[in-house]
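> Could you work out the structure for the sequence below:
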Amino acid sequence: MVQEEIAYQNKDITSKVLAECFKGKTFKVYGLDLPEIRRVLPTNLPTVKANELRLDNLFELADGTVAIVDYESEYKKEDKIKYLNYLTGIANRYAKENQDCPVLRMIVIYTGDIKRGQTSDRYDIGAVRVKLEQAFLSELDSHEIFRHLKEKVERNELLDDEEIMELIIQPLSYRKREEKEAQIRETVKLAAQIQDRGQQLFALSGILVFADKVIDMETANKIRRAIEMTQVARIFEEEKQQALTQALSQAARVFEEEKQQAEKKHKEEKERNARQIVIRMIKKNYPTEEIVSLVSSFSQDDIEALRKEVERAEL
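Reported below is the predicted structural model:
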């Protein structure tokens with residue numbers, strides 16, 4: 001019961017993060033050749049009882065198909081009935097929403113406990129035939145993957161999309177439960193060292209959701225606290241950037257206003273100086289045409305008007 005509570009809380013906490021971050025990611029690290037993820041879909045299927053059906057992940061892919069992704073640490077033939085319930089539950093949800101059901105893919109990812117050849121990818125009961133797409137995490141070189149990721153994180157380098165997915169999934173490539181739990185804790189420590197806030201948040205959220213079947217309560221709570229701290233840090237960073245942008249914008253406005261005032265003052269001073277020069281030339285009886293040729297900012301009409309003004313002042 002405790003483990004079930006962890007699983008549902010995990011998805012509630014991280015669904016928004018994963019919906020934002022999974023876009024554009026692929027299943028290539030699992031050895032599956034599938035289109036990119038377009039968006040994360042809700043996993044609740046109200047048409048069946050909750051204790052009968054709980055999806056691990058549901059994704060809409062770039063080609064319009066929908067991928068149901070389930071993680072298994074053991075192979076049981078009766079699980080294929082569960083998968084069939086997934087498929088009919090999703091088809092029923094689309095029908096209730098008056099939408100055509102897209103092509104559905106049933107993806108089963110086996111943890112390190114299961115090797116290729118120990119499973120069957122078909123369920124055939126005559127009228128119904130289900131074809132599974134399987135991936136085996138036992139085929140991952142877990143130690144080498146973690147070593148490479150650790151070195152890269154410690155050099156403060158950004159991880160690419162495949163490396164982020166490897167970081168999230170590699171704890172499940174171990175065979176024994178205690179090995180998985182130990183590697184989850186190591187992976188959480190490594191994820192917390194990622195400098196990029198977005199990658200850090202995605203990695204922690206992904207570990208929490210993908211490993212929810214084997215994760216213990218203490219580690220789950222530790223990840224949730226780290227996620228909360230990361231989200232607070234991200235909000236703080238966004239607010240700091242917003243404040244900086246506002247300050248720079250305000251400084252730019254002040255600078256532009258001061259520049260315009262300086263230019264206006266300079267123009268007025270230049271006009272005053274030109275006026276004084278013209279007045280002196282008028283008093284020395286320079287012809288209007290000659291003044292115009294020397295002071296281009298004054299027209300003949302301007303000079304004649306100023307000449308009359310000087311004459312009136314001398315009377």
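
> Could you double-check that Glu133 lies in contact with Leu32?
Yes - shown here, Glu133 and Leu32 form a contact pair, counting by C-beta atoms under 8 Å, at 6.3 Å. Heads up, the C-betas are built off the backbone N, CA and C, glycines and all.

> overlap in contacts of the two?
Overlap of the contact sets of Glu133 and Leu32 (by C-beta atoms under 8 Å, 6 or more residues apart in numbering) consists of Ile107.

> okay, now Asn221: neighbour count?
Counted with other C-beta atoms under 10 Å, residues neighbouring Asn221 total 13.

> again with Lys28
14.

> contacting residues around it?
By C-beta under 8 Å, 6+ apart, the contact set of Lys28 is Glu162, Met165.

> Could you report the separation of it from Ala127?
Relative to Ala127, Lys28 is positioned 35 Å away (C-beta to C-beta, to the nearest Å).

> Over to Tyr83?
16 Å.

> which one of those two has more residues nearby?
Regarding Tyr83 and Ala127, a neighbour count based on other C-beta under 10 Å identifies Tyr83 as having more, with 17 against 5.

> nearest spatial neighbour of the more buried one, skipping sequence neighbours?
For Tyr83, ignoring the flanking residues on the chain, the nearest one in space by C-beta to C-beta, 6 or more residues apart in numbering is Met106 at 5.2 Å.

> Next one, pLDDT for Val214 please.
In the prediction, the pLDDT value recorded for Val214 is 68.

> do Ser120 as well
Note for Ser120: predicted pLDDT of 94.

> Which strand or helix spans it?
Per DSSP states H and E, Ser120 falls between elements, in no helix or strand.

> Identify the residue spatially nearest to it, adjacent ones excluded.
Here the nearest residue to Ser120 in space, its sequence neighbours aside, is Lys77; by C-beta to C-beta, 6+ apart that works out to 7.6 Å.

> wait, is the one you found part of a strand?
No - with the criterion set as DSSP: H, G, I helix; E, B strand; the rest coil, the secondary structure at Lys77 is coil rather than a strand.

> Could I get the phi/psi values of it?
Per-residue torsions, Lys77: phi -60, psi -40 (degrees, to the nearest 10).

> now it: how far from Arg122?
Plainly put, Lys77 is 11 Å away from Arg122 if you go by C-beta to C-beta.

> Next: Asn57.
With distances defined as C-beta to C-beta, the gap from Asn57 to Arg122 amounts to 22 Å.

> Please identify which of those two sits among more neighbours.
For Asn57 against Arg122, the residue with the higher neighbour count under other C-beta under 10 Å is Asn57, and the figures read 20 against 9.

> so who does that one touch?
Residues near Asn57 by C-beta under 8 Å, 6+ apart: Val40, Thr43, Ala67, Ile68, Val69, Val209, Phe210.

> Contact partners for the residue lying closest to Asp121 once chain neighbours are set aside?
Beyond its immediate neighbours in the sequence, the residue positioned closest to Asp121 (C-beta to C-beta, 6+ apart) is Leu132, lying 4.3 Å away. Taking C-beta under 8 Å, 6+ apart as the contact definition, Leu132 lies against Lys80, Tyr83, Met106, Ile107, Val108, Asp121, Arg122, Tyr123.

> Kindly report the same for Phe210.
Contacts for Phe210 (C-beta under 8 Å, 6+ apart) come out as Asp56, Asn57, Tyr71, Ile168, Ile169, Leu172.

> Surely the first one touches Ser73?
I take that to be Asp56. No - with contact defined as C-beta under 8 Å, Asp56 does not count as touching Ser73 (11.9 Å).

> Out of the two, name the residue with the larger neighbour count.
Legend: neighbour count by other C-beta under 10 Å for Asp56 and Ser73, higher for Asp56 (20 against 16).

> Model confidence for that one, exactly?
If you check Asp56, the pLDDT there is 73.

> low-scoring pLDDT stretches of the stretch 1-150 of the chain, where are they?
Low-confidence segments of the stretch 1-150 of the chain (pLDDT under 70): 1-20, 44-55.

> go again using 90 as the cut-off
Under the criterion pLDDT under 90, the flagged ranges of the stretch 1-150 of the chain are 1-33, 38-58, 69-74, 93, 111, 113, 142.

> Could you pull out the strands in it for me?
Assigned by DSSP state E, counting those that start in this stretch, the strands in the stretch 1-150 of the chain fall at 37-40, 57-61, 66-72, 104-110, 122-124, 129-136.

> Could you list the paired strands of the second one along with their orientation?
According to DSSP bridges, the neighbouring strands of strand 57-61, each with its direction, are strand 37-40 (antiparallel), strand 66-72 (antiparallel).

> Tell me which of the ones you listed lies nearest to Asn285.
strand 37-40 (86.2 Å; C-beta to C-beta).
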